[in-house]
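In: missing the sequence, but the structure's below:
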């Protein structure tokens with residue numbers, strides 16, 4: 001499935017840039033208290049934590065990026081303030097005058113054999129997948145920018161999402177050692193699609209339909225972005241793509257010409273677009289619910305909002321059985337109940353973040369303050 005808000009490329013391949021032609025900088029280069037956003041109104045690429053700079057897209061052999069569709073621009077809601085001080089993020093990417101071409105990965109020129117855990121997660125090395133995700137992100141941004149559907153840095157959509165992302169990043173780093181070196185980026189695209197991604201390497205794309213049509217409050221949006229970040233941190237896409245690649249092993253037990261390559265020692269795999277079509281397993285969702293709620297609760301977002309979030313998404317996307325949010329992220333009554341059962345573990349984290357006791361927390365959407373039942377003999 002092509003990226004949301006985009007159409008398929010033309011039949012005659014034309015060079016497409018590997019980098020964003022407009023300014024774009026890293027999100028979350030510092031703690032929420034110290035994170036700043038310097039963004040000229042004329043720029044269509046968005047970032048927080050460092051100043052953007054203009055760049056001209058270099059020539060590339062990749063096919064031309066798809067062009068996104070458009071959607072109306074709504075008013076945005078300010079992000080909530082938190083009382084707890086966040087830890088300082090350890091990665092501080094520097095701003096450059098040029099947006100670099102995403103890195104590529106070269107594995108040893110050997111073919112992998114079917115056997116053991118290598119056929120799944122380790123079939124696709126993390127640096128390779130992150131490089132492909134960066135390329136895909138740049139193509140989305142480039143296409144949206146040239147279709148005039150990329151919100152500028154000072155747009156209310158962008159400032160709202162960026163303020164939430166900046167609060168989440170410092171609490172995300174402990175879940176994946178590689179995340180400390182990620183260059184976090186954010187793009188908000190004007191589109192009616194109800195969709196968002198956090199691609200491997202910390203590349204976040206939000207489509208305005210999610211903000212305009214579902215009308216999430218900041219607690220709900222914080223829970224959702226935390227959930228998506230958790231998928232990237234736990235490398236669920238890497239595992240799913242590894243399974244796909246393992247399933248296409250040829251009869252000799254070697255990797256065939258999947259995605260246009262004979263083996264993993266070649267140039268980066270053309271798997272970036274597959275990241276946008278990812279459908280997760282129920283076990284992935286459970287892990288992302290737990291870790292995402294932990295991250296968001298510590299950042300000062302009410303974990304009870306996870307219940308109303310997924311109920312809203314279920315109502316808004318139930319009719320789209322191919323790419324609806326609750327089908328890409330399977331949402332069942334059992335999963336809903338699991339989210340509720342974990343609230344007693346998450347509420348103390350949230351209460352501490354905003355400087356209150358659990359007993360002092362107000363009700364949220366009719367939900368009180370669930371507690372663990374005492375163990376009985």
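Out: That came through, no problem. Bear in mind the structure is a predicted one, so any value in this text is a computation, not a measurement. Residues are numbered from 1 along each chain as shown.

In: tally of neighbours for residue 303?
Out: For residue 303, the neighbour count with other C-beta atoms under 10 Å is 28. Every C-beta, even on glycine, is put in place using the N, C-alpha and C of the backbone.

In: let me fix that, I meant to ask about residue 345.
Out: A count of nearby residues for residue 345, using other C-beta under 10 Å, gives 15.

In: assign it to helix, strand or coil.
Out: helix (DSSP: H, G, I helix; E, B strand; the rest coil).

In: from residue 329, how far out is it?
Out: Computed with C-beta to C-beta, to the nearest Å, the distance linking residue 345 and residue 329 is 21 Å.

In: can you show me the helices along the stretch 51-200 of the chain?
Out: 126-146, 156-168 (DSSP state H, counting those that start in this stretch).

In: for the stretch 101-250 of the chain, which spans come out with low pLDDT?
Out: Counting by pLDDT under 70, the stretch 101-250 of the chain shows low-confidence ranges at 101-123, 237, 239-250.

In: 50 - rerun?
Out: The model of the stretch 101-250 of the chain has pLDDT under 50 over residues 101-120, 250.

In: also the stretch 251-377 of the chain?
Out: In the stretch 251-377 of the chain (pLDDT under 50), the answer is 251-252, 255-269, 375, 377.

In: at 90 what do you get?
Out: Under the criterion pLDDT under 90, the flagged ranges of the stretch 251-377 of the chain are 251-284, 317-330, 365-377.

In: hang on, the earlier thing: can you redo the helices of the stretch 51-200 of the chain as JSON lines with mean neighbour count and distance to residue 293?
Out: Shown next, in JSON lines, are the helices of the stretch 51-200 of the chain (neighbours: other C-beta atoms under 10 Å; distance: least, C-beta to C-beta, whole Å):
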{"stretch": "helix 126-146", "mean neighbour count": "25", "distance to residue 293": "24"}
{"stretch": "helix 156-168", "mean neighbour count": "25", "distance to residue 293": "11"}
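
In: and the strands in the stretch 151-300 of the chain?
Out: In the stretch 151-300 of the chain, strands defined by DSSP state E, counting those that start in this stretch lie at 185-189, 196-199, 203-207, listed in chain order.

In: out of those strands, deepest packed?
Out: Among the strands of the stretch 151-300 of the chain, the stretch with the highest mean neighbour count (mean count of other C-beta atoms under 10 Å) is strand 185-189, at a mean of 30.

In: show me what that one is packed against.
Out: Packing partners of strand 185-189 (3 or more C-beta pairs under 8 Å, 6 or more residues apart in numbering; DSSP states H and E): helix 126-146, helix 156-168, strand 203-207.

In: sorry, back to before: so which of the strands of the stretch 151-300 of the chain comes closest to residue 238?
Out: strand 196-199 (11.2 Å; C-beta to C-beta).

In: what pairs with the closest one, and is each one parallel or antiparallel?
Out: If you go by DSSP bridges, strand 196-199 pairs up with strand 203-207 (antiparallel).

In: what does the strand it pairs with rub up against?
Out: 3-5, 27, 71, 133-134, 136-137, 140, 157, 161, 165, 184-189, 191-199, 225, 228-229 (C-beta atoms under 8 Å, 6 or more residues apart in numbering).

In: what is the burial count for residue 344?
Out: If you count neighbours by other C-beta under 10 Å, residue 344 ends up with 15.

In: next one: it from residue 365, what distance?
Out: 17 Å.

In: and if you look at residue 293?
Out: From residue 293 to residue 365 the distance is 16 Å (C-beta to C-beta).

In: the more surrounded of these two?
Out: Counted by other C-beta under 10 Å, residue 293 and residue 365 do not tie: residue 293 has more neighbours, with 26 against 13.

In: my read: the more buried one touches residue 344, true?
Out: No: Residue 293 is beyond contact range of residue 344, at 11.8 Å (criterion: C-beta atoms under 8 Å).

In: for residue 236, which non-adjacent residue is spatially closest?
Out: Spatial nearest neighbour of residue 236, chain neighbours left out: residue 284 (4.3 Å); criterion: C-beta to C-beta, 6 or more residues apart in numbering.
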